[in-house]
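Chemist: the amino acid sequence is not available; the structure is as follows:
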């Protein structure tokens, strides 16, 4: 598929126009590496964020850009500024509310479903109708066709 350079599906990154789809592998790779780095660092860091890390999140207070930013840069900035400012609830030393951690299979499934918009067949129609149930056969229960 070829898009015109002025198409909204093109992003300007470093002066070169690319499509959103062209950037997906690099964004997923960057996010995956950041997540692995974050998890690997959990045993060595404090559970609560250091005050300097909390102060650093002021780096998110920027003027909104006039156009899209390079998504790899966005993920990199999110990890650089945001990850140190989180509570390390994914580690074994967090004894608070049950709010964190995820099983590896659940994390992988979430990545897959986020990337693929994997939905059961009836979901698009039922979501369009404003129902909350997203399983095949929801039509009989909610009055929408499935």
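Modeler: Alright, I've got the coordinates. Quantities reported herein were computed from a predicted structural model and do not represent experimental measurements.
Chemist: just the buried residues of whichever strand or helix holds residue 33, please?
Modeler: Using DSSP states H and E, the element containing residue 33 is helix 20-41. Going by neighbour count (16 or more other Cβ atoms under 10 Å), the buried part of helix 20-41 is 23, 27-28, 30-31, 34, 38. The C-beta positions use only the backbone N, C-alpha and C, and glycine is treated the same way.
Chemist: and those as CSV, adding distance to residue 90?
Modeler: Converted to CSV, the buried residues of helix 20-41 look like this (distance: Cβ to Cβ, whole Å):
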residue, distance to residue 90
23, 27
27, 22
28, 20
30, 19
31, 15
34, 14
38, 8
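Chemist: flag whichever of these scores worst on pLDDT.
Modeler: Lowest pLDDT of the buried residues of helix 20-41: residue 23, 89.
Chemist: wait, that one sits on residue 72?
Modeler: Yes. Between residue 23 and residue 72 there is a contact under Cβ atoms under 8 Å: 7.0 Å.
Chemist: okay, domains of the protein per the record?
Modeler: According to automatic domain parsing, the chain comprises the domains 1-92, 102-146.
Chemist: lowest mean pLDDT across these, which one is that?
Modeler: domain 102-146 (a mean of 63).
Chemist: where exactly do the helices run in the chain?
Modeler: Residue ranges of the helices in the chain, as given by DSSP state H, are 20-41, 51-56, 71-77, 104-116, 123-128, 138-142.
Chemist: would you turn those helices into JSON lines with distance to residue 91?
Modeler: Below are the helices of the chain laid out as JSON lines (distance: least, Cβ to Cβ, whole Å):
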{"stretch": "helix 20-41", "distance to residue 91": "9"}
{"stretch": "helix 51-56", "distance to residue 91": "16"}
{"stretch": "helix 71-77", "distance to residue 91": "22"}
{"stretch": "helix 104-116", "distance to residue 91": "15"}
{"stretch": "helix 123-128", "distance to residue 91": "35"}
{"stretch": "helix 138-142", "distance to residue 91": "39"}
